[in-house]
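> From the sequence below, what's the structure:
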Amino acid sequence: MKFKKIEEVMKKQFVGKKVSLRGWVSNKRVSKTIMFLILRDSSNKNIQCSVKRDSKAWNDAQKVTQESSIEVKGKIVADERAPGGFELLVESIRIIGLAERYPINRDKSTEFLLDKRHLWIRSDRMKYFMKIRAQAFKAAREFFEKNGFYEVTGPEIVSTKGEEGGSLFSFNYFGKKAYLSQTNQMHLEAMIYSLERVYSLQPSFRAEKSRTRNHVTEYWHLEGEAAWVDNEENMRIIEELVKHVCHSVARNCKEELVLLGRDPKYLLSIKTPFKRITYEQAIRIIQKKGGRIEYGDDFGAEHERLLTEDESQPIFITSWPRRMKAFYMKVDDRNPELVKCADLQAPKGFGELVGSSQREEDIKVIIENLKREGDDPKKYEWYLDLRRFGTVPHSGFGLGMSRLLRWLTNAEHIRDVIPFPRTPTRMKP
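A predicted model of the protein is given here:
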């Protein structure tokens, strides 16, 4: 008999029919005359499997332990007392993998569950997060493909910094200093000269010792770069991408969102264009709400909360001071003290989702910026070649997928939406 998924058979049309299921036993209860095994698989629903003492399956059912993998055959019946309203009357059980005593039970600490992440990933809650994560990744790729972008890959080992040099992981690469990439931006820029519109979805690394709810040292970075695109068009691409992912998750993961306590209707309410305010305006808003910040300061978690606590939609923060931003950002022709960039903040204090900018195409300006930052332009010769040979106006952005997922699911911590999170104090399992 062909095996069915649990969610397939928990329907009225299967009542009275014999089915075969397979999965893992998440719980077991025994009385004098009957035994209940709660079976789970990749479905969002678990099914109660009842085994009568006088059945042939009783002896095998007695051997079964929590998290044992089994195959069961039996008849589906409707029972309002059973979880989900249906149960399986078991006729036979085949034990595939008999589990040892399972170490996870109630009231375990967060640290313990992180130590046992390889097992905790089996929990229903983590299953919901991972399904939504998969859909978000799929939706992002769909958006880029529909809008003429090609998926490419950049190196994870690089010889130069991309953004803040102090947050790079460095290591000895056959006698030379190398870094783990924190952005594919410069390599994506190289590829626009043949493909025009490109994106990558790869891990990035940042050696930040921050312990906020929004930081990890390894994260999946969605980056896009496009020729002939200015800062305004770049923002339009970003907001349409974010809206598309929100709507796709809401439509395709409605059940998982509800089980996690997030109303899908909220994600469907995300509309474009997003609100735009300047960095200077953002500073004034934060100060008015009692936040301690001055012009020229970067935002911390508390500043982001004050800025977005009354917002229900993401907002762009534009026109940042030139001295605060990276050497490759385009100088604002209306004010040389500013750059043409836009950071996208999630509402309700979920933090920065996207960093973006129009790129500087003038080689002289880039060299001046590098020297001002105390960096050696000779290390960037290959990058400067992009300006020497057919430079064009272009823009790009980087989006942290885990931060986006934290907001989409209303997760308490960013580690909830990552299968195996890496932090300053954790690199296993």
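
> next one: phi and psi at Lys32?
phi -70, psi -40 (degrees, to the nearest 10).

> Verify the stated contact: it with Lys52.
No - at 11.0 Å, Lys32 and Lys52 do not qualify as touching, with contact defined as Cβ atoms under 8 Å. In short, each C-beta sits where N, CA and C put it, glycine included.

> which of the two has more neighbours?
The residue with more neighbours, out of Lys32 and Lys52, is Lys52; 15 against 5, by other Cβ atoms under 10 Å.

> Pairing partners for that one in the sheet, please.
For Lys52, the beta-bridge partners are Ile34 (DSSP bridges).

> Surely it touches Gly74?
No - between Lys52 and Gly74 there is no contact under Cβ under 8 Å: 10.6 Å.

> Look up the residues that both of the two are in contact with.
Common neighbours of Lys52 and Gly74, counting by Cβ atoms under 8 Å, 6 or more residues apart in numbering, are Leu89.

> ranges for the helices of the stretch 151-300 of the chain?
Secondary structure of the stretch 151-300 of the chain (DSSP state H, counting those that start in this stretch): helices located at 185-195, 231-252, 254-259, 264-268, 279-288.

> Buried residues of the second one, list them for me.
So that's helix 231-252. By neighbour count with 16 or more other Cβ atoms under 10 Å, helix 231-252 contains the buried residues 231, 234-235, 237-250, 252.

> what sits against Ala207?
Ala207 sits in contact with Gly166, Ser167, Leu168, Phe169, Thr217, where contact means Cβ under 8 Å, 6+ apart.

> how close does it get to Thr425?
Ala207 is 13 Å from Thr425, where distance means Cβ to Cβ, to the nearest Å.

> Same question for Val9.
Taking Cβ to Cβ as the measure, Val9 falls 44 Å from Thr425.

> Those two - which one has more neighbours?
For Val9 and Thr425, the more surrounded residue by other Cβ under 10 Å is Val9, and the numbers stand at 20 against 10.

> mind listing the strands for the stretch 201-350 of the chain?
Ranges of strands within the stretch 201-350 of the chain are 218-227, 275-278, 315-321, 331-332, 335-346, based on DSSP state E, counting those that start in this stretch.

> Please identify which of those is closest to Met191.
Closest approach to Met191 among those is made by strand 218-227 (7.4 Å; Cβ to Cβ).

> for the closest one, the distance to its chain's centre please.
Relative to its chain's centre, strand 218-227 lies at 13 Å (Cα atoms, centre = their mean, to the nearest Å).

> again with stretch 360-368
When distances are taken as Cα atoms, centre = their mean, stretch 360-368 is centred 34 Å away from the chain's centroid.

> and what of stretch 217-233?
16 Å.

> Then stretch 221-240?
Relative to its chain's centre, stretch 221-240 lies at 19 Å (Cα atoms, centre = their mean).

> quick check: mean pLDDT across that stretch?
Averaging pLDDT along stretch 221-240 gives 98.

> sorry, back to before: got any residues that touch both of Ala207 and Thr425?
Shared contacts of Ala207 and Thr425, defined by Cβ under 8 Å, 6+ apart, are absent.

> any idea how far Ile157 is from Pro429?
Pro429 is 24 Å from Ile157, by Cβ to Cβ.

> what sits up against the helix or strand where Ile70 lies?
Here Ile70, judged by DSSP states H and E, is contained in strand 69-78. In this structure, residues lying in contact with strand 69-78 by Cβ under 8 Å, 6+ apart are 1, 3, 9-10, 12, 14-25, 37, 39, 49, 57, 64, 85-97, 99.
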